[in-house]
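Chemist: only geometry, no sequence info:
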Ligand SMILES: Nc1ncnc2c1ncn2[C@@H]1O[C@H](COP(=O)(O)OP(=O)(O)OP(=O)(O)O)[C@@H](O)[C@H]1O
């Protein structure tokens, strides 16, 4: 016979206001070493908050403090309005279930027995599981897609399979709050997406969840809010699009990134950029729209110094250049190219080690500058543009092609630079 859950997250009668989970002024240190301090955030009922940040930032530490298995130096964690320090461990485990980061637990149990452990908080000391408990276990195994492993030893499973079993164990616990420490770390992309889709469904059903997630793009796609931990505290918190900006990511991860938008959503898409010194070339991109924007991103990602133009203001290539701090020579949309724009574009093309032509480069009125010297045409998914007059390379091969070109300083001084403005 099971004890009643402390809270049923789907109970409409509960109706308590305020966040389901509230962390205020949390500070944790190990010995002399402060890990996090002044950590404040809350998680609304029925929402998923992603904890993101570099290795060692304190994500697991915060999750442990929220779960109550680690005593903070300062701060209070409230679940459903009440400090967890005021509740018994068993009462907390009926409210909060968690999955650990590692899966190297040396259980000598079957998968089913492992998942059944999730029912412990609901059983009295001498209770056996009843039909309700068994049904909770079966449902949890189905939802985490591990029912087919039910009778296998936990230790015989792969890392990803174990991770899903531990998620099933947490689901069997039937708590209103779920803490997931890197739930997708060992999972292939299919299972990673399915796991986060499942968490979204659970959240849609009223559960409240926090997940530490390394993959920023999955975090952006599935979390309602992100808390970015770095440098001993919260570096940024809020909607994914507000947290995942190139500036905050540079501060938090000491990394250069390109932040665009995930196709079909308004979630940010973070692309790490390679060391900017990788391909030390100055490139002028000619072309408009997505093909030129893709060429700009690829070249900047490879470490090139890139300029663009002439392009209409507001064109995808102009926007991308602005996002990546590259110079774009622009003219108002539908306007012809004025002399100043033409001169500047030619100047940039002349100074470049190479000119890359990407996509549309002109049909009468379209802005275009053609330059001689070393000139490559690039094929992208969005364009079937190929050149009969220049070497054509696939986008993915562009950095390598550019790297193989001689820098302008070594170029034959007599090579003419064609400054005509039509193609
Ligand atoms: N029990 C402990 N004793 C001493 N130091 C610890 C202990 N647990 C964690 N730390 C340290 O606290 C810091 C934060 O660790 P934590 O595991 O919370 O980081 P994390 O953000 O989860 O990292 P990762 O992304 O690598 O999993 C690290 O420097 C870690 O070495």
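Modeler: Received, thanks. These figures come from a predicted structure and were not determined experimentally. Numbers count the residues shown, from 1 in each chain.
Chemist: show the residue spans covered by the helices in the stretch 251-400 of the chain.
Modeler: With DSSP state H, counting those that start in this stretch as the definition, the stretch 251-400 of the chain shows helices at residue ranges 289-301, 316-323, 339-351, 398-404.
Chemist: and the average pLDDT for the first one is what?
Modeler: The average of the pLDDT scores along helix 289-301 is 86.
Chemist: name the helices or strands packed onto that helix?
Modeler: Helices and strands touching helix 289-301, by 3 or more CB pairs under 8 Å, 6 or more residues apart in numbering; DSSP states H and E, are strand 257-261, strand 282-286, strand 305-312, helix 316-323, strand 354-358, helix 398-404. Bear in mind the C-beta positions are built from the backbone N, C-alpha and C, glycine included.
Chemist: got these as TSV, with distance to residue 132 columns?
Modeler: Listed next are these as TSV, based on distance: least, CB to CB, whole Å:
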stretch	distance to residue 132
strand 257-261	45
strand 282-286	64
strand 305-312	63
helix 316-323	54
strand 354-358	62
helix 398-404	59
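Chemist: make JSON lines from the ones you listed and add mean neighbour count to it.
Modeler: JSON lines is the format used below for these (neighbours: other CB atoms under 10 Å):
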{"stretch": "strand 257-261", "mean neighbour count": "17"}
{"stretch": "strand 282-286", "mean neighbour count": "28"}
{"stretch": "strand 305-312", "mean neighbour count": "26"}
{"stretch": "helix 316-323", "mean neighbour count": "21"}
{"stretch": "strand 354-358", "mean neighbour count": "27"}
{"stretch": "helix 398-404", "mean neighbour count": "18"}
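Chemist: rewinding a little: of all the helices of the stretch 251-400 of the chain, which one is nearest residue 212?
Modeler: Proximity to residue 212, assessed across the helices of the stretch 251-400 of the chain by CB to CB, is greatest for helix 289-301 (27.1 Å).
Chemist: and the angle from that closest one to strand 305-312?
Modeler: Going by axes from the mean of the first three to the mean of the last three CA atoms, to 10 degrees, helix 289-301 is angled at 160 degrees with respect to strand 305-312.
Chemist: now the helices of the stretch 251-400 of the chain as a markdown table including distance to the ligand?
Modeler: A markdown table is the format used below for these (distance: least, CB to the nearest ligand atom, whole Å):
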| stretch | distance to the ligand |
| --- | --- |
| helix 289-301 | 24 |
| helix 316-323 | 28 |
| helix 339-351 | 42 |
| helix 398-404 | 30 |
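Chemist: nearest to residue 50, of those?
Modeler: For the helices of the stretch 251-400 of the chain, distance to residue 50 was read as CB to CB. The smallest value, 23.2 Å, belongs to helix 316-323.
Chemist: what mean pLDDT does that closest one have?
Modeler: In this model, helix 316-323 carries a mean pLDDT of 90.
Chemist: residues in contact with it?
Modeler: The contact list for helix 316-323, computed with CB atoms under 8 Å, 6 or more residues apart in numbering, reads 246, 258-260, 285, 287-290, 292-293, 296-297, 306-308, 311-312, 326-328, 330, 358.
Chemist: hmm, back to that, which of the helices and strands packed on helix 289-301 sits closest to residue 377?
Modeler: Set against residue 377 and scored by CB to CB, those come closest in strand 354-358, at 4.5 Å.
Chemist: low-confidence stretches in the stretch 251-400 of the chain?
Modeler: Segments of the stretch 251-400 of the chain classed as low confidence (criterion: pLDDT under 70) are 274-278, 360-374, 380-390.
Chemist: swap the cut-off to 50 and go again
Modeler: Within the stretch 251-400 of the chain, the stretches falling below the threshold (pLDDT under 50) are 363-372, 385.
Chemist: domain map for the chain?
Modeler: 21-249, 282-410 (automatic domain parsing).
Chemist: show me what from the chain comes close to the ligand.
Modeler: In this structure, the chain approaches the ligand at residues 30, 35, 53, 55-61, 101, judged by CB under 6 Å from any ligand atom.
Chemist: among those, which ones are buried?
Modeler: If you count burial by 16 or more other CB atoms under 10 Å, the buried members of the residues of the chain next to the ligand come out as 35, 53, 57-61, 101.
Chemist: re earlier: now, the residues of the chain next to the ligand that are in helices?
Modeler: 59-61 (DSSP state H).
Chemist: so the nearest residue to residue 391 once chain neighbours are set aside bridges to which residues?
Modeler: If the residues on either side of it in the chain are set aside, residue 391 comes closest to residue 376, at 5.5 Å by CB to CB, 6 or more residues apart in numbering. Counting by DSSP bridges, residue 376 forms beta bridges with residue 356, residue 391.
Chemist: can you give me every residue that contacts residue 376?
Modeler: Per CB under 8 Å, 6+ apart, neighbours of residue 376: 354-357, 390-393, 398, 401-402, 405.
Chemist: now the residues you listed as CSV including distance to residue 231?
Modeler: CSV is the format used below for these (distance: CB to CB, whole Å):
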residue, distance to residue 231
354, 40
355, 42
356, 38
357, 43
390, 47
391, 46
392, 46
393, 41
398, 36
401, 39
402, 36
405, 41
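Chemist: which of these lies closest to residue 204?
Modeler: Within those, proximity to residue 204 (CB to CB) peaks at residue 398, which comes in at 42.5 Å.
Chemist: separation between the nearest residue to residue 261 once chain neighbours are set aside and residue 279?
Modeler: Beyond its immediate neighbours in the sequence, the residue positioned closest to residue 261 (CB to CB, 6+ apart) is residue 269, lying 5.9 Å away. In this structure, residue 269 lies at 23 Å from residue 279, with CB to CB, to the nearest Å as the measure.
Chemist: doesn't residue 147 make contact with residue 138?
Modeler: Yes: taking CB atoms under 8 Å as the definition, residue 138 is a contact partner of residue 147 at 7.1 Å.
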